[in-house]
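Trainee: structure for the following, please:
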Amino acid sequence: MAIESPSPVAMAKITISCSIPVDDEEVTEFLHKYLGRSRLGSAKLLRMGEKGCFYTGSLYTDEHAKVSRLIRCMLAFFERKDIPLTILKIGAQDSWYEVDPEQRDPWKMSPQALLALLDAAPHGGVQAALST
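Mentor: The predicted model follows:
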């Protein structure tokens, strides 16, 4: 029995940025510590607000558990700081070039929707193949 790779339909790519410009040393330090970004680069991205994407990644890869923990940590941190986030999601076969920087609404999702997406098993993915 062959193990299938996750379906491209179930895969997703996301970006996370602050919805508003942020100038906060604690947030800068958080991005430095958890994402390995330089302090200067982190501060610059945070001051850019929605256009300063500080995280880009794919869901349902071999590292889904690690990515899920990191994203949950980020969401909790920004919620505690009361900083709104802009989260964009596209499909695995889509390109970020297709996202209009001036009209992001079709790709936006809430932090709660992202948490639900992290909890969901990809349809036709490895988890389903292993359980049959």
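
Trainee: for residue 68, helix, strand, or coil?
Mentor: Assigned with DSSP: H, G, I helix; E, B strand; the rest coil, residue 68 falls in the helix class.

Trainee: against residue 80, how distant is it?
Mentor: Per Cβ to Cβ, to the nearest Å, residue 68 is found 19 Å from residue 80. The way it works is simple: take the backbone N, C-alpha and C, and place the C-beta from them, glycine included.

Trainee: more neighbours: the two, which one.
Mentor: Higher neighbour count among residue 68 and residue 80: residue 68, with 16 against 8, using other Cβ atoms under 10 Å.

Trainee: just for this protein, where's the confidence low?
Mentor: Segments of the chain classed as low confidence (criterion: pLDDT under 70) are 1-10, 101, 121-132.

Trainee: try 90
Mentor: 1-13, 57-67, 90-108, 117-132 (pLDDT under 90).

Trainee: strands along that one, start to end?
Mentor: Along the chain, counting by DSSP state E, strands occupy 12-18, 55-59, 85-91, 108-109.

Trainee: so what's the closest residue in space to residue 52 that isn't next to it in sequence up against?
Mentor: Nearest residue to residue 52, sequence neighbours excluded (Cβ to Cβ, 6 or more residues apart in numbering): residue 45, at 3.6 Å. Contacts for residue 45 (Cβ atoms under 8 Å, 6 or more residues apart in numbering) come out as 17, 31, 37, 52-54.

Trainee: same question for residue 14.
Mentor: Contacts of residue 14 by Cβ under 8 Å, 6+ apart are 55-59, 71, 87-90, 109, 114.

Trainee: distance check, the residue nearest to residue 52 against residue 112.
Mentor: Distance from residue 45 to residue 112, by Cβ to Cβ: 24 Å.

Trainee: same check, this time on residue 31
Mentor: Counting by Cβ to Cβ - residue 31 and residue 112 are separated by 22 Å.

Trainee: compare the two (neighbour count), which wins?
Mentor: residue 31 (21 against 9).

Trainee: in this structure that one contacts residue 44, no?
Mentor: No - using Cβ atoms under 8 Å as the test, residue 31 is too far from residue 44 to be in contact (10.7 Å).
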